[in-house]
Each structure stands twice: as C-alpha cells, then as structure tokens.
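>>> Can you look at this prediction? I've put the sequence above it.
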Amino acid sequence: MNVHPTAIIHPQAQLADSVTVGPYSLIGEHVELGEGTEIMSHVVIDGRTRMGKDNRVFPFATIGLAPQDLKYRGEPTAVEIGDTNTIRECVTIHRGTAEGSGVTRIGSHNLLMAYVHIAHDCKLGSHVIMANGASLAGHIEIQDHATVGPFCGIHQFSRIGAYSFLGAFSVVNQDIIPYSKTTAPRPLGVYGANKLGLDRRGLSAADIKDLEGAFRLLTRSKLNTTQALEAIEAKGFDSPHVKVLVDFIRSSERGVAK
C-alpha cells in the first residue's frame, strides 16, 4: 500500500494492496477498501464501511460516520459502496439506522460532486450524477442513470426515477417520474421526457417516441393520474420503458410530481 506517514489507519482495517491513502486521512477499524481505491488527503472513513475497487475520494470527504438521527444509539449499521465511484470534496455519506434498512448503499460509476450529502438508509443505483450541494434526507432511493442538479433538497422516503433529470434548486417532496425532466420553481413542474438525456444514455428513437407519447398523456392532457395511466395502457406502447414508468407511478406511496 502507498500510505502517507501522517495517515492514521486502524490495524484491523482491511485495505487491498493497491490502495493509496493520502496525508492526514483517518481509516477506522471496520473499514474495507478494495483494489485500486485512492483516498486523498484529510479524508475520514469510519464505521462498518465497505468500498469496492477503483473508487476515488477527494479531500475533506467523510464516509460512514454516525447518522444525524436522534433515534440512533450507536447500533452497528453500515455503508456499502460499489466500484469506480468519484466522491468529491466535502461529500458526507452517513451509515444506516436500525429502524431503517441498516445500510446506506451506493452502487457503481457514480459521480458525487462537492458538498453532496447522503443521509442514513439512502439507496443510490449506478451511473447517478449528483451535482454540487445536492442533499438527500434519510431513506431516499435514486435509481440508475438519474441526474440530480445542484442544491436540490429531497425529502425523506422520496424516490428519484431512473434516467430522470432534476433541475437546480428543486425542492422535492414527492416521487420524481422515471425518464422525466423536472425542475423548479415550486410546485415542481414536469416538462416531459428527458429526451436529450435518454438519447445520450442509448435509448432508441422508438423508445423515446413512446415515452414522449406517455408523457403527453401524463402532463399535457386534462386526465388525472389514474385516467392517464389507463390511457397509456390502452395505447399499447411497445417500449418496455413505458411499463417501467407506469409501474413506478402505481407503486408510489408519496404521489408523483406532475
């Protein structure tokens, strides 16, 4: 390992041979770091935190510290992080709670920009981008390929659907529809399918066309949500992504932003 002499690493921590730890960083007793992971200077990683391979953690980030939950009493909860994530300066990722899932879980190939906060029991998929200052309260799910704009605040138990784009400064207290382009001011407005983002992610022209048709029924018709879903199903769109969209809305417990 390439460990700077000023770094403090607990003797029971498990670090792969190719891990790099920079000056003044602190690695706790129950931490596991996979091959090729780079921990830069002044980073704190504590608690039962397990990170996969090829992650990069920038200065002043903290991972695995106790959650900001008054009910937390030191239970042995965890943080699990996949591979090839970029965690920028001053990001905070807190471990789970016993009353939640017990784990804060982050997938792979995510970009968490400076000052992002991920609270206890959150679940991030893979290929997620969270811009500077975006903050998640507890128990939030962000699905694969979603983009969260800068300084967004997201309420507990909300879900951010796959491939969605959430604009800067948005305040979210309902679920965000998959594939959508949603932005402030309050109340949130859905501006149809995230066409440019979906094209960049490799969805076919036919899939995007079907999603645009579904969004027209959801957001531009005079139908309520139940009627719009029935109309979407009656149309018989071929794209499997439309079914994902419908299933997401039907499973929402908080309601969806439209």
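Yep, it's here.

>>> C-alpha from now on. contacts and neighbour counts both.
Will do.

>>> just the helices in the stretch 101-250 of the chain please.
195-200, 205-219, 225-235, 240-250 (DSSP state H, counting those that start in this stretch).

>>> For stretch 26-35, measure first residue to last.
End-to-end distance for stretch 26-35, by Cα to Cα, to the nearest Å: 18 Å.

>>> Let me see the mean pLDDT of it.
Stretch 26-35 carries an average pLDDT of 98.

>>> coming back round to it: quick check: which of the helices of the stretch 101-250 of the chain is buried the most?
Per residue and on average, the most neighbours among the helices of the stretch 101-250 of the chain fall to helix 205-219, with a mean of 19 (mean count of other Cα atoms under 10 Å).

>>> How far does that one sit from its chain's centre?
25 Å (Cα atoms, centre = their mean, to the nearest Å).

>>> Pull it out as PDB, backbone CA atoms only.
The C-alpha trace of helix 205-219 is given here as PDB (Å, rounded to 0.1, in the frame of the first residue of the first chain):
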ATOM      1  CA  ALA A 205     -35.600   6.600 -31.100                       C
ATOM      2  CA  ALA A 206     -38.700   4.300 -30.900                       C
ATOM      3  CA  ASP A 207     -38.300   4.100 -27.100                       C
ATOM      4  CA  ILE A 208     -38.000   7.900 -26.700                       C
ATOM      5  CA  LYS A 209     -41.000   8.400 -29.000                       C
ATOM      6  CA  ASP A 210     -43.200   6.100 -26.900                       C
ATOM      7  CA  LEU A 211     -42.100   7.800 -23.700                       C
ATOM      8  CA  GLU A 212     -42.900  11.200 -25.200                       C
ATOM      9  CA  GLY A 213     -46.400   9.900 -26.000                       C
ATOM     10  CA  ALA A 214     -46.800   8.600 -22.500                       C
ATOM     11  CA  PHE A 215     -45.700  11.900 -21.000                       C
ATOM     12  CA  ARG A 216     -48.100  13.900 -23.200                       C
ATOM     13  CA  LEU A 217     -50.900  11.900 -21.600                       C
ATOM     14  CA  LEU A 218     -49.500  12.300 -18.100                       C
ATOM     15  CA  THR A 219     -48.600  16.000 -18.200                       C
END
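
>>> Report the rounded mean pLDDT for that helix.
95.

>>> what about residue 255, neighbour count?
Using other Cα atoms under 10 Å, residue 255 is surrounded by 17 other residues.

>>> residues touching residue 8, list them.
24, 25, 26, 27 (Cα atoms under 8 Å, 6 or more residues apart in numbering).

>>> Kindly reformat those as CSV containing distance to residue 156, neighbour count and secondary structure.
Below are the contacts of residue 8 laid out as CSV (distance: Cα to Cα, whole Å; neighbours: other Cα atoms under 10 Å; DSSP: H, G, I helix; E, B strand; the rest coil):
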residue, distance to residue 156, neighbour count, secondary structure
24, 34, 18, coil
25, 31, 24, coil
26, 30, 21, strand
27, 29, 27, strand
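
>>> nearest to residue 106, of those?
For the contacts of residue 8, the minimum distance to residue 106 (Cα to Cα) is 18.9 Å, reached by residue 27.

>>> so who does that closest one touch?
Counted by Cα under 8 Å, 6+ apart, residue 27 has contacts 8, 9, 10, 13, 44, 45, 46.

>>> give me phi/psi at the closest residue to the last one other than its chain neighbours?
When you say that, I think you mean residue 46. Distances taken as Cα to Cα, 6 or more residues apart in numbering put residue 28 closest to residue 46, at 4.5 Å, once the chain neighbours are dropped. Main-chain torsions, residue 28, degrees, to the nearest 10: phi -80, psi 180.
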